[in-house]
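K.L.:
Sequence and predicted structure are below.
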Amino acid sequence: MSKNNNQPCEDLQKLGEFGLIDHLTQNLKTVQPSTLKGVGDDAAVIAAPEKDEALLLTTDLLIEGIHFDLTYVPLRHLGYKAVIVNLSDIYAMNGTPRQITVSIAISNRFSLEAIEELYAGIRLACSRYGVDLVGGDTSSTHAGLYISITAVGTAPKKNIVYRNGAQENDLIFVSGDLGSAYIGLLLLEREKKVFEANPDMQPDFENVDYLLERQLKPEARRNIIELLKELNITPTSMIDVSDGLASELHHICKQSDKGCTIYEDKLPIDPTTYEQSVAFSIDPTTAAMNGGEDYELLFTINQKDYEKLKDHLEITPIGHITDAAAGLQLISKKGVVYPIQAQGWNHLAHKKV
Ligand code: ADP
Ligand code: MG
């Protein structure tokens, strides 16, 4: 990264905390009518929701070395993804995200340009999803980068979809495809190791753009929420797939006090993901069930709504809800029944650096 000596401010130390905040938040425009005051006072001011609405509030903390690795994650993508994971949680409640706050803690290893890149990604996600950046906090760390984003959303109370509403015989749908983000991560880690062993080696990323994009630049499924609204369908339960399908099914079944049956041959797996998974000697079904970070929506609907949904390419029926006693089971392509184990990401046990 280049430094321009004609601009003495291009240095974090000189800029200081207030200078940095001013720099990062300059020219912020707000688009949500409920944003009465954004950055610049002791608190942002948000108009209270309408009488029949509720506020949704969600937060995520991302820590360098635990949740991301800057060797292969561009800061712009990191900023974008950090916003997306929060918006995904709001959509998973069948809500609309309105505002976010961004708190960062940075070590002296970071340049102003690096933090600008992070904010370019944050701002891009905000503008694409029509969300206002209304505040945050800025601090320093002894080492590494920390980002915490909080999102505020709204939803009419009667439309909010919880994890606990699944009923026996409901159909289980998932949007998009599963496992790609995880295989994308494995590709990035493999090439990191190759590079560390021999810095002259160029990364081998031929034909895997989709997988890298799924890992580095996920989107939140606003379009699925809009589709359900258009079709006049309110799911009986919903969750976003952040830790992996198996883990999310466990959340829905546990909170709804139900079981489920999932069919292996119905799992939506992208052909490149399938191919690359096999190349890593990982069963593609395992990648789809346990990979995580797909940020797809997993939801259940009453059977009466099936006709309305069945022709939509971006959503796939993968099984149905059963009674709790039946447990969670996966029917393999050969018809063998396997119990579904919740694995998910365990950051304490599974260090991704
Ligand atoms: P306070 O001392 O009240 O915490 P700050 O000086 O930290 O205020 O922040 C001043 C304003 O800048 C506030 O509106 C705050 O929300 C906003 N802000 C601080 N850090 C960030 C950041 N990293 N991103 C966006 N807004 C920020
Ligand atoms: Mg502060």
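P.N.:
Perfect, I can see it now. Ligands and ions are numbered 1, 2, ... in the order given.
K.L.:
in stretch 50-62, what counts as buried?
P.N.:
Neighbour-count burial for stretch 50-62 flags 53-54, 56, 58, 60, 62 (criterion: 16 or more other CB atoms under 10 Å). Every C-beta, even on glycine, is put in place using the N, C-alpha and C of the backbone.
K.L.:
Nearest residue to V39 in space, please, no chain neighbours.
P.N.:
Closest residue to V39 apart from its sequence neighbours, by CB to CB, 6 or more residues apart in numbering: T25 at 4.5 Å.
K.L.:
Just to check, that neighbour is in contact with L133?
P.N.:
Yes. Under the criterion of CB atoms under 8 Å, T25 is in contact with L133, at a separation of 7.4 Å.
K.L.:
Mind checking which of those two has more residues around it?
P.N.:
L133 (26 against 19; other CB atoms under 10 Å).
K.L.:
Find the helix or strand that that one is a member of.
P.N.:
strand 132-140 (DSSP states H and E).
K.L.:
what does that strand rub up against?
P.N.:
17, 20-21, 24-25, 28, 30-32, 35, 37-39, 43-44, 46, 98-108, 122-123, 126 (CB atoms under 8 Å, 6 or more residues apart in numbering).
K.L.:
Give me the contact status of stretch 123-139 with ligand 1.
P.N.:
Yes. Counting by CB under 6 Å from any ligand atom, ligand 1 is contacted by stretch 123-139 at 135-138.
K.L.:
thinking again about what came up before, name the residues of the strand holding L133 that come out as buried.
P.N.:
For strand 132-140, the neighbour count (16+ other CB under 10 Å) marks 132-136, 138 as buried.
K.L.:
one step back: are any of the contacts of strand 132-140 buried, and which?
P.N.:
Counted by 16+ other CB under 10 Å, those give 20-21, 24-25, 30, 32, 35, 38-39, 44, 46, 98-106, 122-123, 126 as buried.
K.L.:
can you give me the strands for the stretch 201-350 of the chain?
P.N.:
Using DSSP state E, counting those that start in this stretch, the strands of the stretch 201-350 of the chain run over 237-240, 258-263, 297-301, 315-323, 328-331, 337-339.
K.L.:
Show me what the last one is packed up against.
P.N.:
When you say that, I think you mean strand 337-339. If contacts are counted by 3 or more CB pairs under 8 Å, 6 or more residues apart in numbering; DSSP states H and E, strand 337-339 sits against strand 328-331.
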